[in-house]
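Novice: Okay, sequence plus prediction incoming.
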Protein chains: 2
Amino acid sequence: MWPFNHVPRAQLSRRYGFELSERWLEHVQRSSVRVSSCSGSFVSAHGLTLTNQHCALDCLSRLSSHQHDLLEQGFYARTAAAEPVCPGYAILGLEQISDVTARIRHATAGRAGQAFEQALEGETARIEAECSQGNSGPRASCEVVGLHHGGLYELYRYRRYDDVRLVFAPEKEIAQFGGDPDNFNFPRFDLDVTFLRAYEQGRPALTPEHLTWSRSALAPNELTFISGTPGSTERQRTSAELAFLRDHALVEELTQLAGYRGFLTEYGERGREARRWSTPDLYRVENTFKELYGAREALLEPSFFQRLVAREQELRQRVDADPAFCREYGGAWEAIEEALRRSAPFARDWLWIEGPPGFRPPWAKTSLFFWARSLVRAGAERLRDNAERLPEYGESRLPALERRLLAPQPLDREFEIAKLAFGLSALREALGADHPFVRKVLGRAAPAELARELVQGSALERVAERTRLWRGGQAAVLESRDRMIQLALAIDSEGRALRARHSAELDSVLAKHGERVARARFAVYGMQAAPDATSSPRLSFGTIRGWREPRTGQLVPAFTTLGGVFQRATGRAPYALPRSWLRQRAQLALDTPFNFATDDDVVGGNSGSPVLNRHGELVGLLFDGNLHSLGGAYGFDIALNRAVAVDARAIRHALEVIYGARRLTRELAGGSP
Amino acid sequence: MWPFNHVPRAQLSRRYGFELSERWLEHVQRSSVRVSSCSGSFVSAHGLTLTNQHCALDCLSRLSSHQHDLLEQGFYARTAAAEPVCPGYAILGLEQISDVTARIRHATAGRAGQAFEQALEGETARIEAECSQGNSGPRASCEVVGLHHGGLYELYRYRRYDDVRLVFAPEKEIAQFGGDPDNFNFPRFDLDVTFLRAYEQGRPALTPEHLTWSRSALAPNELTFISGTPGSTERQRTSAELAFLRDHALVEELTQLAGYRGFLTEYGERGREARRWSTPDLYRVENTFKELYGAREALLEPSFFQRLVAREQELRQRVDADPAFCREYGGAWEAIEEALRRSAPFARDWLWIEGPPGFRPPWAKTSLFFWARSLVRAGAERLRDNAERLPEYGESRLPALERRLLAPQPLDREFEIAKLAFGLSALREALGADHPFVRKVLGRAAPAELARELVQGSALERVAERTRLWRGGQAAVLESRDRMIQLALAIDSEGRALRARHSAELDSVLAKHGERVARARFAVYGMQAAPDATSSPRLSFGTIRGWREPRTGQLVPAFTTLGGVFQRATGRAPYALPRSWLRQRAQLALDTPFNFATDDDVVGGNSGSPVLNRHGELVGLLFDGNLHSLGGAYGFDIALNRAVAVDARAIRHALEVIYGARRLTRELAGGSP
């Protein structure tokens, strides 16, 4: 998972005989995009964007109604005018990377603890603000990316498309064939495909750099590239941090997710509407659960963990053996271990009262609370100097927050109430009924009762009311009688205090000493490994291949075919095929490759990434990994970890034969939309 | 937690100046009983039995109807004739203990692996059969108890009362005031009390040995005894076993329970009936979840685990240092660790397809499946020699199984369907959609669809049908067209094969080498510690006292008062008081002690145990422990672990003032029912 400006050309040449050219790299970089928290690519000169159906779930769900469920029925805009806006969606294309390490080092020099953290946040905010102001106005999005845990800081400038529309999505039954049971498995048979379109000023965006469809056949052992924005990995973490994750954090999160998942599953039984509203949440929860479960399994594997520990011990010995290294990097591992140990008394309060920056605490997974807290905090933060704000309210982030806050978003009050009631019960359980915060929130009310009162007493679902409070700032917020705003106000100081403590006593220690560990690794080994994933654009490479399953000894082949899906279908969810597929079965070339596996290194966030051949042509669409790949959060094992993609030939064939999407196939062949 | 025949008199005398007499011990032993999986005590000469309301949940639920919800409304039989039968309930009073170690040693001598396990099971079954046949007929229940993990085997003979009726239960709101949030907490304010009655031949049983109510006040630091049947502890387990529990088994179980709990919580929202049916399951799941969570927390505490490891290392050094010990006990720890490691490939199949002996696999938590599997297996097992049967179908266990199988038990088909659908999904997730067992069970059906078909296609809810299949034996079972029976038949061989493997490769190794570890401990240290709990009657002793909470430094006092419950009440579940309490508030002596804490050593299964003073008089009723006490599964920490009980004075006062239960209070004072 290499940053586009650090791709190891020598390795590519030596291992695969591939000579990487600047032009190839630029073409792929400019054709690749970020789509919400997924990846994607431009596939026409008119902003047509290919990504996964599962990356468009929010859009499909928001555009659905009782009569027209786009998840179930799929969608195809037969004319350009029929392409509806995906509320809140944005597409980002990377334009430039520049090194800002020196600026950050200068701003943080000689600082430790909270002062270090503040200096880092402050300088990051300044750099990002200068970048977005200095460039093409509202269409530039800027982000400082810390690579190698602060070993290197780079500024990524994106071109931003805020008007994103829906062009095509297949029925959920084929997009997610096999559902949760087949998630992170292979063999697979999924058409997990969606086409969106980037618009500018009401017209399809001009995207001269875009991918073309490969015309050559794809075969095992062929070199492939995957270009996307992998979310995050933890491959540089110390063994103390990983042990903490394995024994504490991941287990807490897994049990909490399991409970929420049980709730959502049964909530869907309330009726068809309830199922429609809860499905996107359930999808996310099931996916996250499996990811974390698989990651923990990898950490529990003694050989895997021992390899990590051995690698760390070797580095520490090298550091200890050199007096200069020792002065510079010594004590970093101990400081991290000590900070983790000391965080136990406030870690749970922090998680449940404040939650990680940019996230809500686990009990408050409702849209209403997100709006309320954002309005309350933005009101206060906007009165401060940019450098002193909480980073997510920094000047450069405000436009995106405003868009997210003010985008129309339909809401189901019953679902909001049920989620909040479940969450408030979980809060009381996690902190205990006698905890002052729990007493403050619940008062004498029962969770379900308070949840109903808060949701019924809030008008934040109206865009006009959110707009009024956003524009009115702190004064309007303080005067509001909206119950959800009042709750967010009442608990704001507790959250801020815990965040400050967590930042000072844990985050800043991990950041500071994590950077020292990463720099020690640089000092000892140089740039031998790719930096951890940070949701920034990366390029992976590998070959098409299956694997041998270690426990059973079974060989899993690299390809499946369209014919296989008809064999696997049972007629019942999640193994039911849509009517369109059953009807057109006889017209399909059943030996067309459907899904395939590669040994490229990918993680969550890569969903929707284009898979390319050595000519830079599109040969597939990444949508998943196998079970082993979930250990990829902590280390990549080329023998077992596999990326899973839809074959580009299957996409074209289905568009033509099943969906008769001629407007789309013409455009993919170079025509106009 | 000392067996009644191994109470350390010297320790009692030295530490508390208490001289234990034979008569005292016999009186307490004969007044104490086992009530389903709880404890209890006779409190009148006419079979009146005191236990917890939470131990009578099944009874209260089965006797409830849409109009009369005994959980919500409580129950009081104003006349003897109005005492309804608790279906399936039995009360067991311990009559005699005898040592059978020599017989077991003789039968297992020189055997290992599966042969050892079979010999142990066979001899156990023979001893139990001889005991129940040789004694007072159907009223004797016999059980071989392995103490110190097989260091000692004793035969426990019980007198059994199969006709158990309900006399009194308070409303759930006060019995479980504080509900799940306050569970395993202190201070507490619960009247977790139920009176049952043992009947013989249609009349109240004669129980001349019974407890009398103390007339003296109870004060901090006073010596108390708790007599009951603690379920199980793991205090002799090797560090490898505990690490396996901490890192694997407990986490698997916690996530699975969390999901089931989320499902049950939301299932209750379907309506009032749905809530009534799901409440007992939810109660059990919440309780088990907290127990396992607390137990895991204790194992994660480094100082706690390190103490266990240090103790083990000392023992192993003593063994290694002595050639005779080394020959006799050497290699036991290594063999256990190796067997655990080798169990990984089949452990999950075993759990999900077969489940631990006597339990159902996690997906099959329905009554219908329990009946079906019991009928299928009993049909086959009864054709075999007693010594070759699966132990739960041994001759001596059949009467109890028959009673449980043929007792009337109302059933809600919708709840059975929902539980089974949830369970079948969980099965598919745990083993994977391509697992042959999953394919065999589900075929082409979706979990919800199959669940409905199985439940609708079964007539096992009718006692007559179960009776017919029980009497008809294997022939009737094989001919049955009942869908649930057919399922149980279809998957029987897979379950048996896995059980045999698990038994041969893991259970028998743990039993065999666990016994060697326990015997090594005996050889080195003698009888210094009480044996692990085994659901057999035990006596604990300690003093009334609060504790200092380590994290906050707060001192928790030993007593709460009736007045406290009115302060804590919010009017909302689970902090709402029943109308009876609100109405009679002015008549209550609010300074009456309500609940109290002691440092007696108790664990789950002790619920309903009488708390006694040095005169052997009843001073309280155990119903819970504090959060720290959940680590008691692996070790007892007298500084922090606390038992939690209802004060006997509060019980009497509430019966008189709130419930006007004069028939009951007269009987408690020595009158007739």
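Specialist: Sure, I can see it. Residues are numbered from 1 along each chain as shown, chains lettered A, B, ... in the order given.

Novice: hey, where'd the helices end up in the stretch 151-300 of chain A?
Specialist: Assigned by DSSP state H, counting those that start in this stretch, the stretch 151-300 of chain A shows helices spanning A:172-175, A:179-182, A:239-244, A:250-267, A:272-300.

Novice: Okay, buried residues for the last one please.
Specialist: Under the neighbour-count criterion of 16 or more other C-beta atoms under 10 Å in any protein chain shown, helix A:272-300 has A:274-300 buried. In short, each C-beta sits where N, CA and C put it, glycine included.

Novice: Would you list the phi and psi of residue A:231?
Specialist: Dihedral angles of residue A:231 (phi, psi; degrees, to the nearest 10) stand at phi -70, psi -70.

Novice: Tell me the confidence at the closest residue to it other than its chain neighbours?
Specialist: Using C-beta to C-beta, 6 or more residues apart in numbering or on different chains and skipping residues adjacent in sequence, the residue nearest residue A:231 is residue A:605, 3.0 Å away. Residue A:605 is assigned a predicted lDDT (pLDDT) of 93.

Novice: Report the contact partners of residue A:605.
Specialist: A:37-39, A:228-232, A:533, A:535 (C-beta atoms under 8 Å, 6 or more residues apart in numbering or on different chains).

Novice: ok, back up a step: ok, and of the buried residues of helix A:272-300, which contact chain B?
Specialist: Among these, the residues lying close to chain B (C-beta under 8 Å from any C-beta of the partner chain) are A:293, A:296, A:300.

Novice: Tell me the strands beside the helix or strand containing residue A:141, with direction?
Specialist: Residue A:141 is part of strand A:140-147, with elements assigned from DSSP states H and E. Strands that pair with strand A:140-147, judged by DSSP bridges, come out as strand A:152-161 (antiparallel).

Novice: Could I get the average pLDDT for the strand it pairs with?
Specialist: If you average the pLDDT over strand A:152-161, you get 94.

Novice: repeat for stretch A:276-287
Specialist: 90.

Novice: before we move on, what about stretch A:662-669?
Specialist: For stretch A:662-669, the per-residue pLDDT values average out at 96.

Novice: Just the buried residues of it, please?
Specialist: Neighbour counts over stretch A:662-669 (16+ other C-beta under 10 Å) mark A:663-665, A:667-668 as buried.

Novice: Find the closest residue to chain B in chain A.
Specialist: For chain A and chain B, the shortest gap (C-beta to the nearest C-beta) falls at residue A:262, measuring 2.6 Å.

Novice: Count the residues that sit near that residue.
Specialist: Using other C-beta atoms under 10 Å in any protein chain shown, residue A:262 has 26 other residues around it.

Novice: Excluding covalently adjacent residues, which one is nearest to it?
Specialist: Among residues not flanking residue A:262 along the chain, residue B:262 sits closest, at 2.6 Å (C-beta to C-beta, 6+ apart).

Novice: Now do the contacts for that neighbour.
Specialist: Residue B:262 sits next to A:258-266, A:422 when contact means C-beta under 8 Å, 6+ apart.

Novice: Which of those sits closest to residue B:468?
Specialist: Residue B:468 lies nearest to residue A:266 out of those, by C-beta to C-beta, at 35.1 Å.

Novice: quick one: contacts for the closest residue to the closest one other than its chain neighbours?
Specialist: Counting by C-beta to C-beta, 6+ apart, the nearest residue to residue A:266 once its immediate chain neighbours are dropped is residue B:266, at 3.9 Å. In this structure, residue B:266 makes contact with A:262-263, A:266-267, A:418, A:422, judged by C-beta under 8 Å, 6+ apart.

Novice: Would you convert these into TSV that also reports pLDDT?
Specialist: Shown next, in TSV, are the contacts of residue B:266 (pLDDT from 0 to 100):
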residue	pLDDT
A:262	96
A:263	97
A:266	96
A:267	97
A:418	97
A:422	96
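
Novice: and those as CSV, adding distance to residue B:628?
Specialist: What follows is these, written out as CSV (distance: C-beta to C-beta, whole Å):
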residue, distance to residue B:628
A:262, 28
A:263, 29
A:266, 33
A:267, 35
A:418, 34
A:422, 28
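
Novice: So which of these is the closest to residue B:119?
Specialist: Once C-beta to C-beta is applied, the member of those that ends up nearest residue B:119 is residue A:262, at 43.0 Å.

Novice: what is the mean pLDDT for the helix or strand harbouring residue A:29?
Specialist: Element membership for residue A:29 (DSSP H and E) is helix A:22-31. Helix A:22-31 comes out with an average pLDDT of 97.

Novice: contact partners of it?
Specialist: A:4, A:7, A:41-42, A:93-95, A:207, A:209-211, A:225, A:227, A:537, A:539, A:610, A:612, A:616.

Novice: on that earlier part again, what about the buried residues of stretch A:662-669, which are in helices?
Specialist: A:663-665, A:667-668 (DSSP state H).

Novice: picking that back up, now do the residue nearest to residue A:231 against residue A:291, distance only.
Specialist: The span separating residue A:605 from residue A:291 equals 11 Å under the rule C-beta to C-beta, to the nearest Å.

Novice: again, but for residue A:217
Specialist: Distance of residue A:217 to residue A:291, computed by C-beta to C-beta: 33 Å.

Novice: by contact count, what packs against the one helix or strand residue A:341 maps to?
Specialist: Under DSSP H and E, the secondary-structure element containing residue A:341 is helix A:332-349. In terms of contact count using 3 or more C-beta pairs under 8 Å, 6 or more residues apart in numbering or on different chains; DSSP states H and E, helix A:332-349 is assigned the packing partners helix A:239-244, helix A:413-431, helix A:492-502, helix A:508-525.

Novice: and residue A:560, that one's in a strand?
Specialist: Yes. In this structure, residue A:560 lies within a strand as judged by DSSP: H, G, I helix; E, B strand; the rest coil.

Novice: Run a quick neighbour tally on it.
Specialist: Around residue A:560 there are 22 other residues, counting by other C-beta under 10 Å.

Novice: just residue A:640 next, same as before
Specialist: By the criterion of other C-beta under 10 Å, residue A:640 has 18 neighbours.

Novice: and it, which of the three is it?
Specialist: Reduced to three states with three-state DSSP, the structure at residue A:640 is coil.

Novice: shouldn't it be in contact with residue A:632?
Specialist: No. Judged on C-beta atoms under 8 Å, residue A:640 makes no contact with residue A:632 at a distance of 9.8 Å.

Novice: what touches both of these two?
Specialist: Residues within reach of residue A:640 and of residue A:632 at once, by C-beta under 8 Å, 6+ apart: there are none.

Novice: Phi, psi for residue A:46 please.
Specialist: Reported as degrees, to the nearest 10, the phi and psi values for residue A:46 are phi -120, psi 40.
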